[in-house]
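S.K.: here is a sequence together with a model predicted from it:
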Amino acid sequence: MSPFVALPPVIAHLPAHAKPAVVVRRAQTAPYGWQILTVRGGDTLSDIAIAHRSTVGALIARNKISDGGAFLAIGRQLWVPRTTPARAPAPAVAPAVARTATHVVRSGDTLGSIAAHYKVSLATLYSLNKISRTAYIQIGQQIKIPAPAARATAKASTSIAVTTTALTVRSGDTIGAIAVRQGVSQTSLLKANGLTSGSVLQIGQTLKVVTAVSKVADSSNTFAGRTYSDQIVGAAAANRLYLAQESVPSRMETKAMIESTAQRQGIDPALALAISWQESGWNQRQVSVANAIGAMQVIPSSGVWASDLAGHTLNLLDTQDNITAGMVILRSLSRSAHSEQEVIAGYYQGLYSVQHNGIYPDTKVYVESVLALKSRM
């Protein structure tokens, strides 16, 4: 009998240094494909492999990890196998055409107040109208709003009547002054009379003023969802007429006055500029239905308080006094509020109301807008 044990032929004839050729069917490391995973605190390559029904070696190979995965940085992105089949993509649906309605800007309107009234975001208004956050809107300008929002906030109304009135040009009249006085846009006034921006008005000339009157209850006394008495609305109209006839600083001159006054009162000029732009667009002629006057949109009762704070009587129809009133009010708010957001909210809603009732939805829109403006000043 041979002293050697017989080996299976396939292995018996192999050289000592050779490995047997073993044929196996390779398992699919990612039968459902791969996806990205972001490493979180406490993750290890072993845990990730188990969670995704894979192996450490497969993950190292797929992600070309050189250190064996001993250290995984938080936030690192790894390819890992999907554990379930990916969902089939939903069939493409043609985008719906957005329907819009139109809001015609009235005296006292701001983008923030329009957004609050129609319960839409400022971002929606910026996008629909292709305007920037620092854009200034003018009386008579048409602002697009989502049609559903317009229907949701619309009150019972009847048809809109278009009326045409005639006026006689007086000494000192300009197209701009007449447009402000009549509450129409300059474009509308020029179009109704066949004029251009370069046309010269003559004393005694007759102009047509075309206005659209919506027969909605309290529409002329309502602003940003609040209705004001005939006495307040009448006072606002009188102040608006007065300022339309007075010479006031330009917007850039008003801007410079706001900056210098804010610095004297210890207020951040960027904040002061942002609030004034939100309120009036640095326009001293702006008077709201609520009789908020001028560049800082101060109402008469707040003007009395501001006069006490300043130590002398302030005339809100005077640009410098109006700005001073706004600044001393901001200074007082800054001393009592708990944050800059509360200062801004207090300027719009009243600090007592903010601290006792919370910030109203339209105030939140206002604060958001002011902060966005401030970042650009």
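M.R.: Perfect, thanks for sending it.
S.K.: going forward, measure contacts and count neighbours with C-alpha atoms only.
M.R.: OK.
S.K.: do you know how far I258 is from L351?
M.R.: For I258, the distance to L351 equals 22 Å [C-alpha to C-alpha, to the nearest Å].
S.K.: so between the two, which is more surrounded?
M.R.: I258 (27 against 20; other C-alpha atoms under 10 Å).
S.K.: can you give me the helices for the stretch 201-350 of the chain?
M.R.: In the stretch 201-350 of the chain, the helices defined using DSSP state H, counting those that start in this stretch lie at 230-245, 251-264, 269-280, 300-310, 319-336, 340-349.
S.K.: what's the neighbour count on G234?
M.R.: 15.
S.K.: Q278 too?
M.R.: Residues within reach of Q278, counting by other C-alpha under 10 Å, total 28.
S.K.: do I have it right that it meets V370?
M.R.: Yes: between Q278 and V370 there is a contact under C-alpha atoms under 8 Å: 6.4 Å.
S.K.: hmm, back to that, what's the least confident stretch among the helices of the stretch 201-350 of the chain?
M.R.: Per-stretch mean pLDDT for those is lowest at helix 230-245 (a mean of 83).
S.K.: please point out which parts of that helix sit buried.
M.R.: Neighbour counts using 16 or more other C-alpha atoms under 10 Å place V233, A236, A237, N239, R240, L241, L243, A244, Q245 of helix 230-245 among the buried residues.
S.K.: pick out whichever of those sits closest to V169.
M.R.: For the buried residues of helix 230-245, the residue nearest V169 by C-alpha to C-alpha is Q245; the value is 12.9 Å.
S.K.: just to revisit the earlier point, can I get the buried residues of helix 230-245 in CSV including distance to R251?
M.R.: Listed next are the buried residues of helix 230-245 as CSV, based on distance: C-alpha to C-alpha, whole Å:
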residue, distance to R251
V233, 25
A236, 21
A237, 22
N239, 19
R240, 17
L241, 19
L243, 15
A244, 15
Q245, 17
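S.K.: quick one: which of those is nearest G346?
M.R.: Closest to G346 out of the buried residues of helix 230-245 is A236 (22.3 Å), distances taken as C-alpha to C-alpha.
S.K.: list the residues that contact that closest one.
M.R.: Neighbouring residues of A236 by C-alpha atoms under 8 Å, 6 or more residues apart in numbering: V287, S288, V289, A290, N291, A292, I293.
S.K.: now, of these, which are buried?
M.R.: For these, a burial check counting by 16+ other C-alpha under 10 Å picks out V287, S288, V289, A290, N291, A292, I293.
S.K.: wait, the first one touches M296, no?
M.R.: It stands for V287. No: contact between V287 and M296 fails when scored by C-alpha under 8 Å: they sit 10.0 Å apart.
S.K.: let me have the buried ones among the contacts of A236 in CSV, extended by distance to I65 and pLDDT.
M.R.: Output for the buried ones among the contacts of A236, formatted as CSV (distance: C-alpha to C-alpha, whole Å; pLDDT from 0 to 100):
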residue, distance to I65, pLDDT
V287, 67, 88
S288, 66, 84
V289, 68, 81
A290, 68, 82
N291, 69, 86
A292, 66, 89
I293, 67, 93
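S.K.: which two in the residues you listed are spaced the farthest apart?
M.R.: By the measure C-alpha to C-alpha, the buried ones among the contacts of A236 have their two most distant members at V289 and I293, which lie 9.6 Å apart.
S.K.: just to revisit the earlier point, and A30, which of the helices of the stretch 201-350 of the chain is closest to it?
M.R.: Shortest distance between A30 and the helices of the stretch 201-350 of the chain, using C-alpha to C-alpha, is found for helix 340-349: 51.3 Å.
S.K.: so the closest one versus helix 319-336, what angle?
M.R.: Relative orientation of helix 340-349 and helix 319-336, computed by axes from the mean of the first three to the mean of the last three C-alpha atoms, to 10 degrees: 130 degrees.
S.K.: now do helix 340-349: which elements does it pack against?
M.R.: Applying 3 or more C-alpha pairs under 8 Å, 6 or more residues apart in numbering; DSSP states H and E, we find helix 340-349 packed against helix 319-336, helix 351-357, helix 361-374.
S.K.: now do 7 Å
M.R.: helix 319-336, helix 361-374 (3 or more C-alpha pairs under 7 Å, 6 or more residues apart in numbering; DSSP states H and E).
S.K.: now the spatially most central residue of the chain, nearest residue through space, not along the chain?
M.R.: Nearest to the mean C-alpha position of the chain, counting by C-alpha atoms, centre = their mean, stands L122 at 3.5 Å. Closest residue to L122 apart from its sequence neighbours, by C-alpha to C-alpha, 6 or more residues apart in numbering: A115 at 5.8 Å.
S.K.: for G41, see how far away the residue nearest to the centre of the chain is.
M.R.: Distance, L122 to G41, by C-alpha to C-alpha: 38 Å.
S.K.: for I258, same thing?
M.R.: 50 Å.
S.K.: helix or strand right after the host helix or strand of A177?
M.R.: Here A177 sits within helix 175-182, counting by DSSP states H and E. Per DSSP H and E, the first helix or strand lying C-terminal to helix 175-182 is helix 186-192.
S.K.: what distance separates that following helix from the middle of the whole chain?
M.R.: With C-alpha atoms, centre = their mean, to the nearest Å as the basis, helix 186-192 stands 30 Å off its chain's centre.
S.K.: same deal with stretch 105-114?
M.R.: 14 Å.
S.K.: and if you look at stretch 244-255?
M.R.: 27 Å.
S.K.: that one spans what distance, first to last residue?
M.R.: The first and final residues of stretch 244-255 sit 19 Å from each other (C-alpha to C-alpha).
S.K.: who's in contact with that stretch?
M.R.: Contact partners of stretch 244-255, identified using C-alpha atoms under 7 Å, 6 or more residues apart in numbering, comprise A177, V180, R181, L273, W282, N283, Q284, R285.
S.K.: with these in mind, which one is nearest to V56?
M.R.: The shortest approach to V56 among these belongs to L273, at 59.1 Å (C-alpha to C-alpha).
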